[in-house]
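Participant: this is the structure alone, sequence omitted:
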């Protein structure tokens, strides 16, 4: 009997083969550290084959904390730490016979060096679906032969990578399994294993009744060896009716005859494979598709007595078809969950996340929620916490379905709040709620859009009414006064306000066309500096009235572009009007052009009030006026419209300012047209 070092297990005999299901590296450390500590103390040779999430160096560090002189054991060669690629997938692929023989060779070497036996563990996190059946057969083989050796073997399986079928395979190939429930380790045993052991001990009469009545094909054989003990043939001892029905082989033609007599040409591979089962007790378990019968079969071969082997066929066609369909559906679902842009998470009855998509992970990082911490749900109106029993997840776990209810999500540190629509629903199996799903939609942008819309509508109402009020007032006074001089002054005011109102309406229409992609450019060859000069001439009168100097700095060379001149001048004009708004009398606006690589650059620099650094990112946002001036007016659309039009030209527009009171510079960059020399 050997002390495992694991309290819940205690002592076990040599040849014990068991496993552990783990969630993370903490579970592995919790079991494997005392397991190997006990082995080292009992003069056993130890092998720790690692994989994610606990690699070689992490395993050494964890064991070193419990075993102060671990380096001495390593130098003495009593313990080895290996990466799975150095053991299981040596050469890039898994070979069960090589791995199994490797354990035996390691044991032989340990015994020769005076150790009591071999204590080992292997982490299976590296296993993929393609390797699962081979590894399951390998585990069954280990289980069947381990009792002959002075070995203790504990395999570790990640619950993240094991579904129900995989867990059943694992449990059936081990004497028992460790699994954590409610924070405590518990032992589970394979019901299939117990049933098999019990059935093998039943009486011949019971065996015969089962043998004849079972729906699975079953046959018993004895192996035939040559003088050197090498398998060369096998004889059929018994076949049940189901075996006849599934294979088409008749009992009278098979029983008492060898496979070479009954089925000439049988590949020696099968004689060798089944011979190994009969001689070593190493069971084999695999699934195979019969193209002739168009059915899937599960095959299990084991040794019921020395030099004999039994073969059991199970028709698993329906199960395989269901597994294929479930795998397809699961792949569809997993893909849909992962690409969903909204945070989606699944919770167990303890409100622990058991599955979430990438968007959910991003949201949790954004809220500062890690581990078991949870975001607080606040009432969006009162900003007060929602009672715990009314939290969305708990409501769903109680069976309630929620659809798009608004909450404020608050980080645990109370340094961030996010308005959100939360939907949640229970997941039920046979009427019992086993989990809950939650979907969260961040509506910060919608809230901001609503706020911006309300602000814009207020500004729009004011800006559209202001020129109308002015025009109505002056026209009324003109009608009442009737004088020619006053009439001329009134008409000038009316015209100025009409132009202002037309510009506002044009900005609204252009913004709408940009949003709906309905602006079409009438592009033709043009020269950037000429377009800038024309735009300057269009505002020169207004600049002179405001006592603002316009300075033109022509480029050193021509800057040919392909552009819509009318739209380009509109953009340049918007930038110039913007500079006029915020440059006081006596100020200067400088317009310049230059070439930079394959782009033509037009810059408008003013000596106006400047822009605060934090306001620069919002300067070209629709409906956003970062420095609202009631005297200047406007809807905050001019810069946004200009950016949209310049981007349609394949260019970009930017703004810079040293700070408030230090002026601003707006720059338009447009691709230069290709100039082909004659």
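Facilitator: Perfect, thanks for sending it. What you see is a predicted model; the values in this text were computed from it and never measured.

Participant: would you map the strands across the stretch 501-650 of the chain?
Facilitator: Using DSSP state E, counting those that start in this stretch, the strands of the stretch 501-650 of the chain run over residues 524-527, 549-553, 560-563, 588-596, 599-606.

Participant: what helix or strand is residue 155 located in?
Facilitator: Assigned by DSSP states H and E, residue 155 falls within strand 151-158.

Participant: tell me which strands and helices that strand is in contact with?
Facilitator: If you count contacts as 3 or more C-beta pairs under 8 Å, 6 or more residues apart in numbering; DSSP states H and E, strand 151-158 packs onto strand 17-22, helix 25-41, helix 96-112, strand 118-123, helix 164-172. Yep, even glycine has a C-beta here, placed from its N, CA and C like the rest.

Participant: and with 7 Å instead?
Facilitator: strand 17-22, strand 118-123 (3 or more C-beta pairs under 7 Å, 6 or more residues apart in numbering; DSSP states H and E).

Participant: for that strand, give me every contacting residue.
Facilitator: 2, 12, 14-22, 28, 35, 103, 107, 117-125, 139, 142, 146, 170, 174 (C-beta atoms under 7 Å, 6 or more residues apart in numbering).

Participant: check which residues of stretch 537-550 are buried.
Facilitator: 539, 543, 548, 550 (16 or more other C-beta atoms under 10 Å).

Participant: now the two most distant members of the residues you listed.
Facilitator: 539 and 548 (9.6 Å; C-beta to C-beta).

Participant: now the common contact residues for these two.
Facilitator: In contact with both residue 539 and residue 548: residue 580, using C-beta under 7 Å, 6+ apart.

Participant: mind putting the buried residues of stretch 537-550 into TSV with pLDDT and distance to residue 525?
Facilitator: Shown next, in TSV, are the buried residues of stretch 537-550 (pLDDT from 0 to 100; distance: C-beta to C-beta, whole Å):
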residue	pLDDT	distance to residue 525
539	89	25
543	91	29
548	94	32
550	94	26
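
Participant: outline the domain layout of this structure.
Facilitator: Residue ranges for the domains of the chain, per automatic domain parsing: 2-193, 202-319, 340-442, 447-515, 524-671.

Participant: quick one, which of the ones you listed gets closest to residue 330.
Facilitator: domain 2-193 (8.8 Å).

Participant: rewinding a little: now tabulate the domains of the chain in TSV and tack on distance to residue 332.
Facilitator: Formatted as TSV, the domains of the chain follow (distance: least, C-beta to C-beta, whole Å):
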stretch	distance to residue 332
domain 2-193	16
domain 202-319	20
domain 340-442	13
domain 447-515	34
domain 524-671	38
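
Participant: returning to that earlier point: among the helices and strands packed on strand 151-158, which is the most enclosed?
Facilitator: strand 118-123 (a mean of 24; mean count of other C-beta atoms under 10 Å).

Participant: remind me what the helix or strand following that one packs against, helices and strands.
Facilitator: Counting by DSSP H and E, the element after strand 118-123 in chain order, helix or strand, is helix 129-145. Helix 129-145 makes packing contacts with helix 96-112, strand 284-290 when contacts are defined by 3+ C-beta pairs under 7 Å, 6+ apart.

Participant: by mean pLDDT, show me the worst of the ones you listed.
Facilitator: Among these, strand 284-290 has the lowest mean pLDDT, at a mean of 78.

Participant: any idea of the pLDDT on residue 631?
Facilitator: pLDDT at residue 631 comes out at 43.

Participant: what is the neighbour count of residue 244?
Facilitator: 17 (other C-beta atoms under 10 Å).

Participant: nothing else from me, thank you.
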